[in-house]
Structures are given as C-alpha cells and as structure tokens.
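Novice: Here's my sequence, what's the structure:
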Amino acid sequence: MDELFRQRIVIFDGSVGVLIQRKGLTEEDFRGERFKNHPRPLRNDVDVLCLTRPDIVAQVHRDYLEAGADLITTNTFTATPISQADYGLESFVYEMNRRGAEIARAEADKFDNRFVAGSLGPTNVTLSLSPKVDDPSFREITFDQLRDGYAEAVRGLRDGGADLLLIETIFDTLNGKAAIAAARETAPELPIFISVTIVDRAGRNLSGQTVEAFWTSVEHAQPFAAGVNCSLGATEMRPYIADMSRVAPVYVFCYPNAGLPNAMGGYDEKPNMTSRLLGEFAESGFLNAAGGCCGTTPEHIRHIKAVMADLAPRELPAPAPHTRFSGLEPFEITPESGFVTIGERTNITGSQRFKRLIESGDFSGAVQVALDQVRGGANLLDVNMDADLLDSEAAMVKFLNLIATEPEIARIPIMVDSSKWTVLEAGLKCVQGKGVCNSISLKEGEEAFLEKALRVRELGATAVVMAFDEKGQADSLERKVGICGRAYHLLTEKAGYRPEDIIFDPNILAIATGIEEHAAYAKAFIEATREIKRRCPGVRISGGVSNLSFSFRGNDRVREAMHSAFLYHAIRAGLDMAIVNAGQLAVYEDIP
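Specialist: Numbering: from 1, shown residues only. Presented below is the predicted three-dimensional model:
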C-alpha cells in the first residue's frame, strides 16, 4: 500500500448510503429471515445488511471498484455496540464487522491491487460534551466503555480481512482517541487512517478543535494517513485540507460531500464539479488520496479518478522537531517561543482556596479559578486533586469534564497532576487534546516506569519525568543529571518517545530552611537544567517554582521576589516552563 501511495494519488470509494437508498429496500429486506421477528424496526440500520442482504452490499463495493476505486470501505459505519443498541443488535457487532470485511474482501480480490478499509464511524454519544444542559460534567459513556465497544468492532474487521482501519467522521476528538486506543490494543498490525469532520465554516469539529489541534491530539497513533471528510463540500473544505496538508507529516486524503445539502437534505453537486475541485486541491499539493462522502456515487469516483490520473501526489513534509500540545487550539514550543507558564492555582496541594472550593463541592467557583489563571496568561493549566479526604479520581473527572465545556479554558492544554497513577489515568481519559501527565518516575524501577510511559503515550499525552529513582529524590547536580539521562535513554530507545515529548522536572526544592545543605538546591537545579539540555537534546525542562520559597509561605512579597530572581537565572540556563501563579510574577528588574 505504501508503494501505491508513493506512486500516485489513491482513489477512495464514495457513499454507500446513497446507493443503498436507490435500491428501495423495505423493512423486510433489512430484517431478512434472520431478524424476521425482531422487536424493533431495522430499516435505518444499513450495517445490518451485511447479515441480511450481503448481495446488496457486495454490489455497492463492486460498483465502486469498477469505477476505479483503489480502496473500498466496509459497510460498518455504525457497527459498534453503542450505535447498534438503538436497534437492539449490540450482540451482533462482531459478526457485522467480520461479515462486512469479508464481503468487501471478496469483491476487492476480484481486482488487482485493491484494498479494504475497515470503517469505524462515530457514535451517537460523545465524551467531550454533556447531553444535560443542567449538568455539564455529565457524560453518557466512559472512555473505557467506548474503547471496548470499538475493540469489538476492530476484532471483527481484523478477522474478516480488512487491510487497514479507517477511523472516520471524527466529530469528537476524545471519541477518536478511544477508537485509536482500541485499534492499537486489538489490531496493532493494521495501519490506521484517521479523518476529522469539520462541522462549520469556523473550522472546528463538533467538540471545538481546529484541524491543527486535532492532528496534534491524534498524532500519537502514528497513522498511515490523515484527512478530512463529510459535513462540507469540496469548496468549503479547501482551507481545512490545506491545514491538514501543512501540519501532518503523513499521507493526506479528503473525501467531501457532493456539495452542501439542499432544502430536502439531498446533494446536487455533479461529478464533474466535485472532481474539478479535488483536482485543484491536488494541483495545490494537498493530496495523496481522494474520494467522496455523502451524496457521491460511482460516477463521481470515475470522474475523480480521471482527473487525478495525471496529477502528482503530495510530497510528505519532514516532521518539525517541536514540542506540541493542544486544547481546542494548538500550542507549540519553538526556538522562538517565550517562557511557558503553567497555571498552578487549580492545584489542591498548592492553593487553599481551590482546595476549599473542591472539598465543599463548589465546582463553579473552582472553574472560575481556572478561568482566572487563563486570563492571567497561563499557557497550560495544572490540575491536581490530591487530598486525603477527597475522592481524587471522581473530583478530577468532574472538574476536567466541566472545564471542557468552557471554551476559554478548554482552549489551552491540560496538565493532569497527581501522585496517584489511577487519578492520572482517569484524568487523561477526559482530555481530548494532547495534554501532559505530571508525573512519572523511576521510583519503582525501569519496568514500571516504561509501562506507565507507554500508557501515557497510548492516551495521547506527553509526560513529565521527575528526577526520582529507586534511591529517592535527586537533590544534587550529579543525581539530577544521572537520573534524567537514564530516563531519556529508556524513553527514546524503548518507549518510542520523541525527545520533544519528554519533559524533565529536576526538582525545585525549598531553600532558606535553616539546613545548610539546602542552601545549594536552587543552584543545583539551574546547573542541572543546563547539563540535561546538553546531554539530552530536544527535551524540555519544567519545575514547580512555589517549592523554592516554601519556607516563606504567608509572605507573598518575598516569595514573588524569590521566584522572579530564580526564574531569571533558570530560564537563561534552559528552563522552558514552570508551574507558577499566572499573572502574579514580579518583574526581575523591579525587585528592590
């Protein structure tokens, strides 16, 4: 398949639904003999035709293959337990997917060099949005439930002979991440194609992400190809496929609708118009593959194939070696970036006010604290719920679900912070963007460290690595550098981390405690920062600045001056980011 994508622009198929609608099938056709007495109507369940009218499904695939499609998608767009529950057919999901793949496989094998994409479509529930206006923290389903449902579909597609998995029409990126997790865990040998749906001309999917933020959120899947499909016609889709082509260093595809729907919900764009517009995309260097979505037919695919025949495929750009995060919008750290501030006030261990709000159940007040941090200039938001008398996991999930519904807060990436692994994992499953796990360490040894590092990566986040090993916390220059160097080699050589996705925290420890050996802690951190950057090129350095002045808690003026002076020198040594009280840092030159 890679050879085909390098040689020319690859042709996808078009809409399955439009061809099935033309057949004029009845309720009896959908039921077949097998579901003759099923208690619920099945006429709108196109996927059940894989079991009741496989001849119809096979004919649809054949029509597109004869039109020139290189890649056909299985008739399994809604074949997940969540979606099939509407028809009472959730127990048939594996079989639907396996038969869907088998039918497509049999038709594709009648032609030379044709491929079968196992379709994993969206569900009618979302992980990022609440269906309850009066409870924005509520979710109808959990990440694990959605992942497990997709896993059942993936098993069927794999066993039926699919060549790849197409996670398509992603309107909620967190749903997409659940599908990615299912694909990677269940069929890691199958390449993944990922496609986002932009729902309006504002350029965002339904859960609010831009194309670039979406790509940053799903790039951990290491997809074979990424693209844009559905919702829009080619005319409206152009800026978004241009964005995907610019940011994704993988093959890029699009399959638009046949224009925008008319007043009756139908599609009127003729094949020559769709193909001309897609040809312009290819001439602009946007495409490696193209096809059609709603309203497109074999005639559209025939025209698209003819137009693409003489056009060169897009050349893949080299991946930029930058650190990238995302909320609803992307956030990238480049050599030109300034210092990155991570808002600290949504941390129970560091803010008494936030702790009181959470423990009293005043989550609205807690959300306001987060909003204040964002308005104070925080680039990321650190969230910590560690308290002895609190259900930290439940509080983390509720708070993250709440701030996900506040666009001004959700715009920036989230750092999930806890000393408890279960809380970290639960939090990461609530974050649709590429967030940060704070933290993992070598405290329990290399095996446990790598296991957690891989899990963080599977959930689409990057990790803060504390300078902590089996012997304890590093407090000297030598120990800080040694532990971070050891972790660097483990992450890059055994866990597949890019250096840019590694954030080291060499431990900012309290000074002025009255203990002589503590006096050198700030200097040790600054020198370690410089040396780690030299020995581990590409990594980022972070730290919790408030720890430095812990001895002066209650004296904010002194603490702010200490933080400012420390940062002045640490940033020059290579400190990239720090957890601080956004908007309340004294200017170094203004310190008396």
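Novice: Three-state assignment for the nearest residue to Val60 once chain neighbours are set aside, please.
Specialist: Leaving out its chain neighbours, the residue that sits closest to Val60 by CB to CB, 6 or more residues apart in numbering is Leu19, at 4.8 Å. For every residue, glycine as well, the C-beta is placed using N, CA and C. With DSSP: H, G, I helix; E, B strand; the rest coil as the basis, Leu19 sits in helix.
Novice: Between the two ends of stretch 451-467, how far is it?
Specialist: 17 Å (CA to CA, to the nearest Å).
Novice: Go through that stretch and flag the buried ones.
Specialist: Burial within stretch 451-467, assessed by neighbour count using 16 or more other CB atoms under 10 Å, is assigned to 452-453, 455-467.
Novice: And the pLDDT for the most centrally placed residue in the chain?
Specialist: When CA atoms, centre = their mean is applied to the chain, the residue found nearest the centroid is Ser217 (3.0 Å). pLDDT, Ser217: 99.
Novice: Low-confidence stretches in this structure?
Specialist: Applying pLDDT under 70 to the chain flags residues 583-592.
Novice: Residue for residue, what is the longest strand it has?
Specialist: strand 225-233 (DSSP state E).
Novice: Sheet partners, orientation included, of it?
Specialist: strand 192-196 (parallel), strand 251-257 (parallel) (DSSP bridges).
Novice: what's next to the first one, contact-wise?
Specialist: Residues from elsewhere that reach strand 192-196 (CB atoms under 8 Å, 6 or more residues apart in numbering): 117, 164-170, 173, 176, 180, 183-184, 205, 209, 211, 214, 218, 221-229, 244, 253, 255.
Novice: how about 6 Å then?
Specialist: With CB atoms under 6 Å, 6 or more residues apart in numbering as the test, strand 192-196 has contacts from 164-168, 170, 183, 205, 214, 218, 221, 223, 225-229.
Novice: Identify the residue nearest Ile508 in space, chain neighbours excluded?
Specialist: Gly543 is the one closest to Ile508 (CB to CB, 6+ apart), at 4.1 Å.
Novice: what's stretch 258-267 in contact with?
Specialist: With CB under 6 Å, 6+ apart, stretch 258-267 has contacts from Gly233, Asn257, Asp268, Glu269, Thr274, Gly295, Thr296.
Novice: hang on, I meant stretch 72-90
Specialist: The contact list for stretch 72-90, computed with CB under 6 Å, 6+ apart, reads 13, 16, 40, 42, 45, 47, 50, 57, 61, 64, 93, 96-97, 100-101, 104, 117-119, 121, 123-125, 149, 153, 166.
Novice: Among the residues you listed, which lie within strands?
Specialist: Of these, the ones assigned to strands by DSSP E are Ala117, Gly118, Ser119, Leu166.
Novice: circling back: and the contacts of stretch 72-90, which of them are buried?
Specialist: Using 16+ other CB under 10 Å as the burial test, the contacts of stretch 72-90 include 13, 16, 42, 45, 47, 50, 57, 61, 64, 93, 96-97, 100-101, 104, 117-119, 121, 123, 125, 149, 153, 166 as buried.
Novice: returning to that earlier point: so after the longest strand of the chain, what's the next helix or strand?
Specialist: helix 234-247 (DSSP states H and E).
Novice: Check which residues of that next one are buried.
Specialist: Residues of helix 234-247 classed as buried: Ala234, Glu236, Met237, Arg238, Tyr240, Ile241, Ala242, Asp243, Met244, Ser245, Val247 (neighbour count, 16+ other CB under 10 Å).
Novice: go on, stretch 259-271?
Specialist: Gly259, Tyr267, Glu269, Pro271.
Novice: Please export the C-alpha coordinates of it as CSV.
Specialist: Extracted C-alpha coordinates of stretch 259-271, given in CSV (Å, rounded to 0.1, in the frame of the first residue of the first chain):
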residue,chain,number,x,y,z
GLY,A,259,-21.6,19.9,-2.1
LEU,A,260,-23.8,21.2,0.7
PRO,A,261,-27.2,19.6,1.3
ASN,A,262,-30.2,21.1,-0.5
ALA,A,263,-33.5,22.1,1.2
MET,A,264,-34.6,18.4,1.1
GLY,A,265,-31.4,17.1,2.6
GLY,A,266,-30.1,15.8,-0.8
TYR,A,267,-26.9,16.5,-2.6
ASP,A,268,-26.8,18.2,-6.0
GLU,A,269,-23.1,18.7,-6.9
LYS,A,270,-22.4,16.9,-10.2
PRO,A,271,-19.4,14.6,-10.6
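Novice: chain center to stretch 164-175, what's the gap?
Specialist: Chain-centre distance of stretch 164-175: 10 Å, with CA atoms, centre = their mean, to the nearest Å.
Novice: nope, stretch 179-198 is what I meant
Specialist: The chain centroid and the centroid of stretch 179-198 are separated by 11 Å, computed with CA atoms, centre = their mean.
Novice: Who wins on neighbours among the contacts of stretch 258-267?
Specialist: For the contacts of stretch 258-267, the largest number of neighbours (other CB atoms under 10 Å) sits with Thr274, at 31 neighbours.
Novice: Nearest spatial neighbour of it, chain-adjacent residues omitted?
Specialist: Among residues not flanking Thr274 along the chain, His300 sits closest, at 5.3 Å (CB to CB, 6+ apart).
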